[in-house]
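K.L.:
mind looking at a prediction? Sequence and model below.
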Amino acid sequence: DNKASEISLGNIFAQPLKLDSLSTLTTWKKTDNKTEVNIEKLAFANADTSGQLSGKFSKQNKAAGVLDLKSNFSGLNAADIHRYIPIKAGEELRDWLKTSLKSGRAENIALDLKGNLAEFPFASEKEGLFRISAKIVNADLDYAQRWPKVEKIYGDFLLNGKRLEIRASDGVIANGKIQQ
């Protein structure tokens with residue numbers, strides 16, 4: 001158990017993760033050429049969100065390693081989502097999320113990451129799985145310059161591999177109501 005800490009994972013996230021609390025049940029085994037980590041449960045909370053994760057990581061020699069991770073977050077302000085996207089997902093995606101998601105929340109966030117990290121981001125599900133899903137609550141999206149803004153969005157967010165999908169069940173675009 002730990003309180004008020006900061007974790008720097010410079011090869012995974014662009015910014016250090018600030019945590020108000022962290023507790024984990026983790027085991028690891030290291031031999032001359034192999035490292036194995038088993039996270040039975042890791043719970044965390046900070047000013048942005050709270051959640052838990054579990055998974056396994058194994059690495060031989062200097063290889064990137066293989067990860068099988070599942071995580072759930074309670075919610076996150078839309079304007080903060082870009083800080084939680086891994087570096088290897090691409091600066092372009094993180095920048096787009098930072099400038100395009102103006103307000104609102106993502107709720108019931110689920111993250112699945114499974115595969116050889118040397119292949120991340122995975123071109124297909126045969127190579128690995130990278131999926132983030134969430135419920136969108138009252139979000140504003142400024143998709144691109146010279147495109148109409150979509151406001152008061154309620155719906156589903158899915159980032160699956162290299163595909164981003166937003167399915168709005170309710171919202172407003174150019175003063176017109178979106179309903180499904």
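P.N.:
Looks like it came in fine.

K.L.:
which strands border the lowest-mean-pLDDT helix or strand in the chain, and is each parallel or antiparallel?
P.N.:
Least confident element among the helices and strands of the chain, by mean pLDDT, DSSP states H and E: strand 2-7 (a mean of 75). Sheet pairing for strand 2-7, assigned by DSSP bridges, gives strand 17-30 (antiparallel).

K.L.:
mean confidence for the strand it pairs with?
P.N.:
In this model, strand 17-30 carries a mean pLDDT of 92.

K.L.:
what comes into contact with that strand?
P.N.:
By CB atoms under 8 Å, 6 or more residues apart in numbering, the surrounding residues in contact with strand 17-30 are 1-9, 35-47. In this view, the C-beta of every residue, glycine as well, is placed from N, C-alpha and C.

K.L.:
got it, and stretch 64-74?
P.N.:
Residues outside stretch 64-74 that contact it (CB under 8 Å, 6+ apart) are 35, 39, 49-59, 107-118, 120.

K.L.:
filter those residues to the buried ones?
P.N.:
Buried members of the contacts of stretch 64-74, counted by 16 or more other CB atoms under 10 Å: 39, 49-55, 57, 59, 109, 111-115, 117, 120.

K.L.:
rewinding a little: export only the CA atoms of the least confident helix or strand of the chain, formatted as PDB.
P.N.:
What follows is strand 2-7, C-alpha atoms only, in PDB (Å, rounded to 0.1, in the frame of the first residue of the first chain):
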ATOM      1  CA  ASN A   2       1.200   3.500  -0.900                       C
ATOM      2  CA  LYS A   3      -0.100   7.000  -0.700                       C
ATOM      3  CA  ALA A   4       0.700  10.100  -2.800                       C
ATOM      4  CA  SER A   5       3.300   8.800  -5.200                       C
ATOM      5  CA  GLU A   6       4.400   9.400  -8.800                       C
ATOM      6  CA  ILE A   7       5.300   6.700 -11.200                       C
END
